[in-house]
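In: sequence plus predicted model, see below.
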Amino acid sequence: MAVGIFDSGLGGLTVHNAVSARLPDVPFVYYGDSAHAPYGVRDADDVYKLTTRAVERLWDEGCDLVILACNTASAAALRRMQETWIPTDKRVLGVFVPLIEALTERQWGDNSPPRQVGVQNVALFATPATVASRAFQRELAFRAIGVDVEAQACGGVVDAIEDGDFILAEAMVRSHVDALKRKMPNPEAAILGCTHYPLMAETFADALGDGVKVYSQANIVAESLADYLKRHPKMVGASQESKYLTTGDPQTVSSRATQFLKREIKFVSA
Ligand code: DGL
């Protein structure tokens, strides 16, 4: 049994990279649904159907614990999955809540009432589906008061990254940051609320300028998973087989992944 990591495409590799560095003895099975990316322009039902199909495939690989390394799936499908679909011997965790806990200076599972936190003006960059779900604002409101969130739906960025077109991705990021700044000229913090965006982290930071703290999920999720596995060690079993599965063309996806992570990654058909 390994731990499953799911994303609509290649963005979840940013999380995979961090969790495998933090937990080098844990085998991970990655599933990227590149044939159906981007999820961010799909409706919630569609995201639910695709996500549950992918998670079932990871269960078949012996991964009783699956991380949705995809904000769009975490925002649009996870709650419904947890309420109605996940059997009691399996776990599916999202990437949203650990990020919000970090932003609101909370430890895991601190369910105390919402309180004032260090930041007041927060810029959220995410896919259109994540922004439309308002899941970020909802989770934040459980934990913090007085935080103003301005969300920018970054249409097109994921497509450009999946296509390996970083020139286009950079131009789009800059135009989305400009659009956000017209609505909120001085954010104190920015959330990269899509696991593809850390691949453009330098462009986000440069366009946002000095003095904006940029939160991205990879390391936050890695810490949170390490903590979870300490409390639930049985969720990882004996299997040592790590692998990368894709619904896209394995050759193209492998060469993009190798380009992104600057080390050889070999995908096989899901
Ligand atoms: N990387 C994903 C996310 O974190 C999905 C992006 C997409 O497929 O649109 O939202």
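Out: The structure has been received and is ready for your questions.

In: report the contact partners of residue 198.
Out: Listed by C-beta atoms under 8 Å, 6 or more residues apart in numbering, the contact partners of residue 198 are 14, 192, 216-218. (C-beta placed from N, C-alpha, C; glycine too.)

In: which bits of the stretch 51-200 of the chain sit near the ligand?
Out: Contact residues of the stretch 51-200 of the chain with respect to the ligand, defined by C-beta under 6 Å from any ligand atom, are listed as 70-72, 127, 130, 158, 194-196.

In: can you list these in CSV and add pLDDT and secondary structure?
Out: As requested, those are arranged in CSV below (pLDDT from 0 to 100; DSSP: H, G, I helix; E, B strand; the rest coil):
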residue, pLDDT, secondary structure
70, 97, coil
71, 96, helix
72, 96, helix
127, 97, coil
130, 96, helix
158, 96, helix
194, 97, coil
195, 96, coil
196, 96, coil
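
In: which residue ranges form the helices in the stretch 51-200 of the chain?
Out: With DSSP state H, counting those that start in this stretch as the definition, the stretch 51-200 of the chain shows helices at residue ranges 71-76, 78-84, 96-103, 128-133, 135-143, 157-162, 166-183.

In: report the buried residues of the last one.
Out: Judged by neighbour count using 16 or more other C-beta atoms under 10 Å, the buried positions of helix 166-183 are 166, 169-170, 172-173, 176-177, 180-181.

In: pick out the lowest-pLDDT one from the residues you listed.
Out: Lowest-confidence member of the buried residues of helix 166-183: residue 166, scoring 95 (pLDDT).

In: tell me who's in contact with that one.
Out: Applying C-beta under 8 Å, 6+ apart, the residues near residue 166 are 160, 200.

In: before we move on, what about the one 3 residues further on?
Out: In this structure, residue 169 makes contact with 157, 160-161, 199-200, 203, judged by C-beta under 8 Å, 6+ apart.

In: off-centre distance for stretch 28-40?
Out: Averaged C-alpha coordinates place stretch 28-40 at 11 Å from its chain's average position (C-alpha atoms, centre = their mean, to the nearest Å).

In: and that stretch, how far apart are its ends?
Out: Between the opening and closing residues of stretch 28-40 lies a distance of 25 Å (C-alpha to C-alpha, to the nearest Å).

In: where does the stretch 1-150 of the chain dip in pLDDT?
Out: When the per-residue scores of the stretch 1-150 of the chain are filtered using pLDDT under 70, the ranges that remain are 1.

In: that one: strands as residue ranges?
Out: Listed in chain order, the strands of the stretch 1-150 of the chain (DSSP state E, counting those that start in this stretch) span residues 3-7, 28-32, 65-68, 91-93, 115-116, 121-126, 144-145, 148-153.

In: just put those in JSON lines and tack on mean neighbour count.
Out: Formatted as JSON lines, the entries for the strands of the stretch 1-150 of the chain read as follows, by neighbours: other C-beta atoms under 10 Å:
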{"stretch": "strand 3-7", "mean neighbour count": "28"}
{"stretch": "strand 28-32", "mean neighbour count": "26"}
{"stretch": "strand 65-68", "mean neighbour count": "26"}
{"stretch": "strand 91-93", "mean neighbour count": "21"}
{"stretch": "strand 115-116", "mean neighbour count": "11"}
{"stretch": "strand 121-126", "mean neighbour count": "24"}
{"stretch": "strand 144-145", "mean neighbour count": "17"}
{"stretch": "strand 148-153", "mean neighbour count": "18"}
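
In: could you dump these to a markdown table with distance to residue 136?
Out: Below are the strands of the stretch 1-150 of the chain laid out as a markdown table (distance: least, C-beta to C-beta, whole Å):
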| stretch | distance to residue 136 |
| --- | --- |
| strand 3-7 | 18 |
| strand 28-32 | 23 |
| strand 65-68 | 15 |
| strand 91-93 | 16 |
| strand 115-116 | 18 |
| strand 121-126 | 6 |
| strand 144-145 | 12 |
| strand 148-153 | 7 |
